[in-house]
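K.L.:
sequence below, structure please.
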Amino acid sequence: MSNIIVTDSNGQVRALPIEAGSTLMEVLRDADYEEVQAMCGGGCSCATCHVLITKRAGDFPPVEENEAMLLEMADGYDAKLSRLSCQIELNEGHDGIEVQLVKEGF
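P.N.:
As a prediction, this is how the structure comes out:
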């Protein structure tokens, strides 16, 4: 089984199993991470599922214009690492990616 490594905003590290076809947002939300609010439910319209991908594996979809605009307004934005977790559909090739959660300021 494939896993991702998640570091929450308090520095706690945890490995989470992934299922091919799930989005990164779904995996994080199902693991009860409060940092991933996903207020729009994965519609790429709120940026409350913003994460930093600190180690990549496998292919990632390109950042589309709508995602880029939302990310630029997100707390903790990093032009090289920031993604909306709702826009990343996971597969076996993503085994070992490392994700840093960002606590958004509202």
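
K.L.:
give me the beta-bridge partners of H50?
P.N.:
L84 (DSSP bridges).

K.L.:
list the contacts of it.
P.N.:
Going by C-beta atoms under 8 Å, 6 or more residues apart in numbering, H50 touches L70, L71, A74, D75, G76, Y77, S82, R83, L84, S85, V102, E104. All C-beta atoms are positioned from the backbone trio N, CA, C, and that covers glycine.

K.L.:
read off the pLDDT value for it.
P.N.:
At H50, the pLDDT value in this model is 96.

K.L.:
how far away is the residue nearest the centre of the chain from Q12?
P.N.:
In the chain, the centroid-proximal residue (C-alpha atoms, centre = their mean) is S85; its distance is 3.1 Å. As for S85, its distance to Q12 is 18 Å (criterion: C-beta to C-beta, to the nearest Å).

K.L.:
excluding chain neighbours, what is closest to S22?
P.N.:
L90 (5.4 Å; C-beta to C-beta, 6 or more residues apart in numbering).

K.L.:
report the longest helix in the chain, please.
P.N.:
Looking across the chain with DSSP state H, the single longest helix is helix 65-73.

K.L.:
that one - what's its average pLDDT?
P.N.:
Mean predicted lDDT for helix 65-73 stands at 95.

K.L.:
related to what we said a few turns ago, highest neighbour count among the contacts of H50?
P.N.:
Of all the contacts of H50, L84 has the most neighbours under the rule other C-beta atoms under 10 Å, reaching 28 neighbours.
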